[in-house]
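>>> following is a predicted model, sequence given first.
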Amino acid sequence: MSTTAWHARVVCGSEVGAGFLVSARHVLTCAHVVRQAGTDPVGVTFPNSRHLAGLSAVVAVHGGWQGGAADPGDLAVLELSEDVPLAPARFAAPGAERGGRQLVAYGFPRGYDEGMLASYRALPGPRISDEWVQLEALTGHGQPLAAGFSGAAVTLEDGSVVGMVTAVAGGRDVRVGRMLPTEVMARYWPGLGELVPTGHRPETLRRLYALVRRAEAQGRAGDANRLYGDAVGAFGPPLPPGGFASLAAAAAYVQWEVPEPEAAARLADRLEELLDGAVAAQPPAAWSPVVVEIDHSGEGPGQVTVEVSAYRDGRRRPVGTRRLPRNAVRAYVQQRLDEAADQLAPDAEELVTFVLPREWLNEPVAQWECSADDSTPLGCAYPLVVTDRARHRSGRLRHQLRKKWQKLDASPGADVHRVECGSRERPGGLRKRLWDSDAHLAGFAVPPASAAEHFAVSLTVPVPVLLWRRTGCPGTGHDGPCAGTVFLDELTASLTGVPPVELPRHVQKLRLAADAEDPDGHWARELQLLWDDPRCFPEPAASLHTPVAR
């Protein structure tokens, strides 16, 4: 059997073009060749395999071509009515067409139903509109590219495919044309990525694309941008403008544009974790908390006890404890945070956690400066959260929170349960709503003091994650648009698809964005995050011990 039996002739209405077999049932061709597929049948024959009768086909994938000569996406994947017993085309590595090498196309110009060969070379230089490689005839004689060559595979002398003919110049004596190289074709059909050698291990690519198909079939594609970031790491190529519209697009970008071979394997690993119900982001145990615990000292209303500690290998390491007047707390924390950070492992993911009395939960700790010599806000320097001290010490609530986090670990995101400005909902009604929905995240349009009863309900249901803006609407009548409603709208949009375990990092990015722009105009200005996962603190909560000077 001929090793080039995979060349195909495609007929749809008045259009005649070429194509090439890439699997037992799939043929690639140009979208414009099958533009009439909605009204006329698509027929496929294999001229070098005469034992195969004409086959019917349908358009399984369309590249998005809109009908114009300069429109991108002129690719279609045809699905045959039955499998064919032919070896499919094999592909060369991307860019193999360069260097003046002879390229051959097998097309079907008028009068040559059995086919003709045309010999061309790829011109050096950039792709045209980042889409096409220009082809030029090797000589002034021989078969020019003409109608009937659209969809033809462009091959090297060894028969490996480097692209597909999509256009001819049109002039009788002009022997130029255009082809889609394989890396561009893969933009419109990610399935091509499994077939083209790109420096990634073939078994890794097969596994990656199988997981992509599984995720799409289950409707669990997750956040493609976040998964891409996990795969390439902090120093990998940034997201392309606009990010990725699909998980398949992210996989194709990793394959074709990311030079590190292990990136595809990491993307497959992360996707498999998501699909198998494992933690879709870094597990909570990977956090290494630096804890600032504040409580009333019993020495008077203006006195508090502050304890700073760090967790390493699941064990708490005290750094310092002091009884202080409230106005001295900030300076003491600034002094001790660096010491606490020194207690962490070199590769630890630090998480600054303020365990606060309820009336302190609105304290602007994220906006405290790092030190007298460093004006960076703590919330920009670290992932920073607050939590309620009473809840932190309740065995019942800790147990309930652990159960909720077991569900959250496999969640690609959590819905925001909104508590609106001026809400007429009774606290008992909110409690029932949060229980019935098994709420994991609540957003408040007002600060805690303006909705004290509702806020207390969310703490004791308990809801693991609460967010609010410290100087939101006061909760009473006001003129003009409600700033609290705007805040909740922006918050809901920002948190879509963000796993709850990733919220400390996500909020840190929001704080950095607000700090970089006009702080007074950014919706995330003064954003406060109460984030409470008991598994980050494996030791039982204990009372603050007798203060010692350090």
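Noted; the coordinates are in hand. Predicted model, so just to flag it, every value in this text is computed and none were measured. Numbers count the residues shown, from 1 in each chain.

>>> endpoints of stretch 15-32, how far apart?
In stretch 15-32, first residue to last residue: 8 Å (Cα to Cα, to the nearest Å).

>>> quick one: average pLDDT of that stretch?
Throughout stretch 15-32, pLDDT has a mean value of 95.

>>> okay, buried residues for that stretch please.
Of the residues in stretch 15-32, 15-23, 25-32 count as buried by neighbour count, 16 or more other Cβ atoms under 10 Å. Placement of C-beta: from N, CA and C, glycine included.

>>> list the buried ones in the worst-scoring helix or strand of the chain on mean pLDDT?
Lowest by mean pLDDT, DSSP states H and E among the helices and strands of the chain is helix 224-232, with a mean of 81. For helix 224-232, the neighbour count (16+ other Cβ under 10 Å) marks 224, 226-232 as buried.

>>> closest one of those residues to S371?
Among the buried residues of helix 224-232, G229 lies closest to S371 (Cβ to Cβ), at 30.2 Å.

>>> quick check, the closest one in contact with L239.
Yes. The pair G229 and L239 passes the contact test of Cβ atoms under 8 Å, sitting 7.4 Å apart.

>>> ok, now which ones touch L527?
Listed by Cβ atoms under 8 Å, 6 or more residues apart in numbering, the contact set of L527 reads 366, 467-470, 507, 510-511, 514.

>>> restricted to strands, list these.
With DSSP state E as the criterion, strands contain 467-469 from among the contacts of L527.

>>> what domains does the record give for the chain?
1-193, 198-275, 281-412+503-550, 414-496 (automatic domain parsing).

>>> got the contact list for the residue nearest the centre of the chain?
With distances taken as Cα atoms, centre = their mean, the residue of the chain nearest its centroid is N225 (2.0 Å). Contacts for N225 were tallied using Cβ under 8 Å, 6+ apart; they are 239, 243-244, 250.

>>> of those, grab the buried ones for ChimeraX.
This is how ChimeraX selects the buried members of the contacts of N225, with burial counted by 16+ other Cβ under 10 Å:
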select :244,250
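
>>> any chance of the buried residues of helix 224-232 in CSV, plus distance to A76?
CSV is the format used below for those (distance: Cβ to Cβ, whole Å):
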residue, distance to A76
A224, 24
R226, 32
L227, 29
Y228, 27
G229, 33
D230, 33
A231, 30
V232, 31
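
>>> out of the contacts of L527, grab the one that's most surrounded.
W468 (28 neighbours; other Cβ atoms under 10 Å).

>>> okay, now the closest residue in space to that one that isn't next to it in sequence: neighbour count?
Once flanking residues are discounted, W468 sits nearest to F444: 3.9 Å by Cβ to Cβ, 6 or more residues apart in numbering. Neighbourhood size, F444 [other Cβ under 10 Å]: 30.

>>> distance of F444 from F354?
Distance of F444 to F354, computed by Cβ to Cβ, to the nearest Å: 18 Å.

>>> of the buried residues of helix 224-232, closest to W435?
Comparing the buried residues of helix 224-232 against W435 with Cβ to Cβ places R226 closest, at 29.9 Å.

>>> so that closest one makes contact with E502?
Yes. R226 is within contact range of E502, at 7.4 Å (criterion: Cβ under 8 Å).

>>> output the contacting helices and strands for the longest helix along the chain.
In the chain, with assignment by DSSP state H, the single longest helix is helix 202-217. Using 3 or more Cβ pairs under 8 Å, 6 or more residues apart in numbering; DSSP states H and E as the contact test, the elements touching helix 202-217 are helix 247-257, helix 262-275.

>>> how about a markdown table for these, with mean pLDDT and distance to Q343 added?
A markdown table is the format used below for these (pLDDT from 0 to 100; distance: least, Cβ to Cβ, whole Å):
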| stretch | mean pLDDT | distance to Q343 |
| --- | --- | --- |
| helix 247-257 | 86 | 37 |
| helix 262-275 | 84 | 30 |
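
>>> okay if I get those as a markdown table plus distance to G54?
Below are these laid out as a markdown table (distance: least, Cβ to Cβ, whole Å):
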| stretch | distance to G54 |
| --- | --- |
| helix 247-257 | 32 |
| helix 262-275 | 39 |
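
>>> relative to G191, which of those helices is closest?
Among the helices and strands packed on helix 202-217, helix 247-257 comes nearest to G191, with 8.4 Å by Cβ to Cβ.

>>> what's the closest one packed up against?
Judged by 3+ Cβ pairs under 8 Å, 6+ apart, helix 247-257 is in contact with helix 182-188, helix 202-217, helix 224-232, helix 262-275.

>>> going by distance to D373, which of the contacts of N225 wins?
Minimum distance to D373 across the contacts of N225 is 34.4 Å, recorded for L239 (Cβ to Cβ).

>>> pretty sure the closest one is in contact with Y228, am I right?
Yes. Between L239 and Y228 there is a contact at 6.6 Å, judged by Cβ under 8 Å.

>>> helix/strand/coil for G422?
Secondary structure, DSSP: H, G, I helix; E, B strand; the rest coil: G422 is coil.

>>> and it, how far is that from S14?
Distance from G422 to S14, counting by Cβ to Cβ: 66 Å.

>>> which one's more surrounded, these two?
Neighbours were counted for G422 and for S14 using other Cβ under 10 Å; G422 has more, 17 against 8.

>>> how far away is that one from G484?
Going from G422 to G484 by Cβ to Cβ gives 8 Å.

>>> kindly report the same for Q255.
Distance, Q255 to G484, by Cβ to Cβ: 45 Å.

>>> which residues in the stretch 401-550 of the chain form helices?
For the stretch 401-550 of the chain, the helices defined by DSSP state H, counting those that start in this stretch occupy 427-436, 452-460, 483-495, 503-516.

>>> out of the ones you listed, flag the one nearest L530.
Of all those, helix 452-460 comes closest under Cβ to Cβ, at 8.2 Å.

>>> report the inter-axis angle for that closest one versus helix 427-436.
For helix 452-460 against helix 427-436, the angle by axes from the mean of the first three to the mean of the last three Cα atoms, to 10 degrees is 20 degrees.

>>> show me what helix 452-460 is packed up against.
Packing partners of helix 452-460 (3+ Cβ pairs under 8 Å, 6+ apart): helix 389-392, helix 427-436, strand 441-444, strand 465-469.

>>> angle of it against strand 465-469?
150 degrees.

>>> mind listing what's buried along helix 452-460?
454-460.

>>> please convert the residues you listed to TSV, extending it with distance to E157 and pLDDT.
Shown next, in TSV, are the buried residues of helix 452-460 (distance: Cβ to Cβ, whole Å; pLDDT from 0 to 100):
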residue	distance to E157	pLDDT
H454	75	93
F455	74	93
A456	77	94
V457	75	93
S458	70	94
L459	73	94
T460	75	92
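
>>> closest to N362 out of these?
F455 (9.8 Å).

>>> so L530 makes contact with V386?
Yes. With contact defined as Cβ under 8 Å, L530 reaches V386; the gap is 5.3 Å.

>>> what touches both of the two?
Both L530 and V386 are contacted by L361, under the criterion Cβ under 8 Å, 6+ apart.

>>> ok, now how distant is V333 from E350?
From V333 over to E350 the distance is 14 Å, taken as Cβ to Cβ.
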